[in-house]
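In: Provided below for reference: sequence and predicted model.
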Amino acid sequence: MKRVLVLDGSTRKMGNTSILLQHFIEGAEKNTNKVEHIIAKDLDIKYCNGCLRCNLVKRCAIRGDDWEDLSQKINEADVLVFASPIYFHYVTAPLKNIIDRFRSFVHVQITETGLIHTPWNNWNKDFVLLLSMGSSDDSDAQPVIDLFDYMKEVLGDNNRLHVIKGTRLAVIKQVQKTEEELKELYPKLKLNRKLVRDDYNRNQKLLEECGELGRNLTKD
Ligand SMILES: Cc1cc2nc3c(=O)[nH]c(=O)nc-3n(C[C@H](O)[C@H](O)[C@H](O)COP(=O)(O)O)c2cc1C
């Protein structure tokens, strides 16, 4: 049975990110009962302090927080889900804090032309990015996608990246609002009401896509 670890960067309960995640998890739970959902801001994770001892000791040298336990779960997961609202073209701070600690999963060698990364464990995982953003232009998420393209490569030869992006999602629970609710909301956001029908259908498809991805990645 596949192990799924969700690292949830949401800062508000039942926001759009949580709803995308809920659909992904419901899909995954059709095939596995090994889904763990971790809310990044609820963990005690210290900042990476740049000591670089991980290059020598093959693990993070910081002690006394939740990383030891979390890093074991990350290592064991088949599917690693990172979910976040886009904040200033990036993930939220609690998730970024965890991502910095991923430095301890790789050896880094400086060369004259760049860096050579060698992972301590050559992972073969599905990386999933679930991103929710206010903008109608999904390029706001591009820096995050670029980061994960890079991460999946430095952490192993066989990792795969799957990305789902929800756009034009400004207010809480917007992604699951009915067509009638969107008709009331859009004028308040100064958005053209003509967008409502297509956006409603697009949101429904987005939620289905999350469920489908959860199901597909957990098939044995
Ligand atoms: C501090 C902050 C920064 C944001 N920056 C961006 C941004 O750069 N691009 C964007 O499209 N949306 C941005 N947003 C909007 C959120 O990404 C969007 O409303 C998202 O759907 C919220 O997800 P949630 O409902 O899960 O909290 C920002 C929101 C906040 C609060």
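Out: Good, I have the coordinates. Note that the structure is a prediction, hence the values are computed from the model and not measured. Residues are numbered from 1 along each chain as shown.
In: now residue 35, nearest residue through space, not along the chain?
Out: residue 4 (4.4 Å; Cβ to Cβ, 6 or more residues apart in numbering). Where C-beta positions appear, they are placed from N, C-alpha and C, glycine not excepted.
In: same check, this time on residue 209
Out: Leaving aside its chain neighbours, residue 209 sits nearest to residue 164 (5.9 Å; criterion: Cβ to Cβ, 6+ apart).
In: helix/strand/coil for that neighbour?
Out: strand (DSSP: H, G, I helix; E, B strand; the rest coil).
In: The strand or helix carrying residue 185 close to the ligand?
Out: If you go by DSSP states H and E, residue 185 is part of helix 179-188. No - against the ligand, helix 179-188 shows no contacts by Cβ under 6 Å from any ligand atom, the least distance being 12.8 Å.
In: Give the rounded mean pLDDT of the next helix or strand after that helix.
Out: Sequence-wise, the next helix or strand downstream of helix 179-188 (DSSP H and E) is helix 196-217. For helix 196-217, mean pLDDT is 98.
In: got the buried residues for helix 196-217?
Out: Neighbour-count burial for helix 196-217, counted by 16 or more other Cβ atoms under 10 Å, picks out 196, 199-200, 203, 206-207, 209-211, 213-215, 217.
In: Present those residues as JSON lines; the columns should include distance to residue 72.
Out: Converted to JSON lines, the buried residues of helix 196-217 look like this (distance: Cβ to Cβ, whole Å):
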{"residue": "196", "distance to residue 72": "46"}
{"residue": "199", "distance to residue 72": "41"}
{"residue": "200", "distance to residue 72": "42"}
{"residue": "203", "distance to residue 72": "36"}
{"residue": "206", "distance to residue 72": "33"}
{"residue": "207", "distance to residue 72": "32"}
{"residue": "209", "distance to residue 72": "31"}
{"residue": "210", "distance to residue 72": "27"}
{"residue": "211", "distance to residue 72": "28"}
{"residue": "213", "distance to residue 72": "25"}
{"residue": "214", "distance to residue 72": "23"}
{"residue": "215", "distance to residue 72": "26"}
{"residue": "217", "distance to residue 72": "21"}
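In: and which of those residues is nearest to residue 38?
Out: Of all the buried residues of helix 196-217, residue 38 sits closest to residue 214, with 16.1 Å by Cβ to Cβ.
In: Could you check how many residues crowd around the closest residue to residue 214 other than its chain neighbours?
Out: Take residue 214 and drop its neighbours on the chain: the residue closest to it by Cβ to Cβ, 6+ apart is residue 27, 2.8 Å away. Residues near residue 27, counting by other Cβ atoms under 10 Å, number 20.
In: Next one: residue 27 from residue 199, what distance?
Out: Per Cβ to Cβ, to the nearest Å, residue 27 is found 22 Å from residue 199.
In: related to what we said a few turns ago, just the buried positions in the helix holding residue 185, please.
Out: Those would be 182, 185, 186, for helix 179-188 by 16+ other Cβ under 10 Å.
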